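Peer 1: sequence and predicted structure below; questions after.
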Amino acid sequence: RKEVEQDPGPFNVPEGATVAFNCTYSNSASQSFFWYRQDCRKEPKLLMSVYSSGNEDGRFTAQLNRASQYISLLIRDSKLSDSATYLCVVNMLDDYKLSFGAGTTVTVRA
Amino acid sequence: SAVISQKPSRDICQRGTSLTIQCQVDSQVTMMFWYRQQPGQSLTLIATANQGSEATYESGFVIDKFPISRPNLTFSTLTVSNMSPEDSSIYLCSARLGNTEAFFGQGTRLTVV
């Protein structure tokens, strides 16, 4: 079983729509969670960290469900510029290594 | 935050040769890592670059094939040795400040012919 699993998509949505997707992780001892964005042929860049209470950054909302071991990302009012691959990233407390999901591809169309 | 400069950004190499990729961070960082990313796939960790000691390699990666140096807290190199077409990939340098998020270099797109 992979440490981090994501729905690969693609999610094709019109501008202005809401899109949401999840990521599951296998290790219950995982402590830090992140969503990264990766544009085609570019390096991953941090979109947001995910906190236990959930957090929001503009149009982006992240949630953590420790009981079911998943995190989610919701994008409201999608923009064309939101088209990218979103990587779910998980870290255990005593291990500085990060585990990456395979990514969820989102395409926002005009 | 940290800004990472990685070079070269791309290269086309002959099989059997070696390529050294450099990674320079604009501040001292705790951890540095090297990843490989095949087209359409996620990142696979090659090794953790340890300052002043041998790198820690992940399963499937060995020092003879991917020697790594980290002479100080801001610089690391990854060498891809005796290259074959299977080594064609994107190689990414990454750094972390403790248990915070990771920052990435721009990546090196390697093609082995």
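Peer 2: Nice, I can see it.
Peer 1: quick one: name the residues of chain B near chain A.
Peer 2: B:30-31, B:33, B:41-43, B:45, B:48, B:92, B:96, B:99, B:101-107, B:109 (CB under 8 Å from any CB of the partner chain). C-beta coordinates here come from the backbone N, C-alpha and C atoms, glycine included.
Peer 1: can you do 7 Å?
Peer 2: Residues of chain B lying close to chain A by CB under 7 Å from any CB of the partner chain are B:31, B:41-43, B:45, B:48, B:92, B:96, B:99, B:101-102, B:104-107.
Peer 1: output the contacting helices and strands for the helix or strand hosting B:Arg70.
Peer 2: Following DSSP states H and E, one finds B:Arg70 within strand B:68-72. If contacts are counted by 3 or more CB pairs under 7 Å, 6 or more residues apart in numbering or on different chains; DSSP states H and E, strand B:68-72 sits against strand B:43-49, strand B:75-80.
Peer 1: leaving out sequence neighbours, find the closest residue to A:Ala110.
Peer 2: A:Glu15 (5.8 Å; CB to CB, 6 or more residues apart in numbering or on different chains).
Peer 1: ok, now B:Gly98?
Peer 2: B:Gly98 sits nearest to B:Thr30 (CB to CB, 6+ apart), 5.4 Å away.
Peer 1: follow-up on the earlier one: assess the claim that the residue nearest to A:Ala110 and A:Ser83 are in contact.
Peer 2: No - using CB atoms under 7 Å as the test, A:Glu15 is too far from A:Ser83 to be in contact (10.3 Å).
Peer 1: who's more crowded, those two?
Peer 2: A:Ser83 (18 against 12; other CB atoms under 10 Å in any protein chain shown).
Peer 1: where do the contact lists of A:Glu15 and A:Ser83 overlap?
Peer 2: Counting by CB atoms under 7 Å, 6 or more residues apart in numbering or on different chains, the residues touching both A:Glu15 and A:Ser83 are A:Val108.
Peer 1: quick check: bridge partners of the residue most central in space within chain B?
Peer 2: By CA atoms, centre = their mean, the mean C-alpha position of chain B lies nearest to B:Trp34, the distance being 3.4 Å. Using DSSP bridges, the bridge partners assigned to B:Trp34 are B:Ala47, B:Cys93.
Peer 1: list the contacts for it?
Peer 2: B:Trp34 neighbours (CB under 7 Å, 6+ apart): B:Ile46, B:Ala47, B:Ala49, B:Ile68, B:Leu78, B:Tyr91, B:Cys93.
Peer 1: kindly reformat those as TSV containing pLDDT.
Peer 2: Output for these, formatted as TSV (pLDDT from 0 to 100):
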residue	pLDDT
B:Ile46	97
B:Ala47	96
B:Ala49	95
B:Ile68	97
B:Leu78	98
B:Tyr91	98
B:Cys93	97
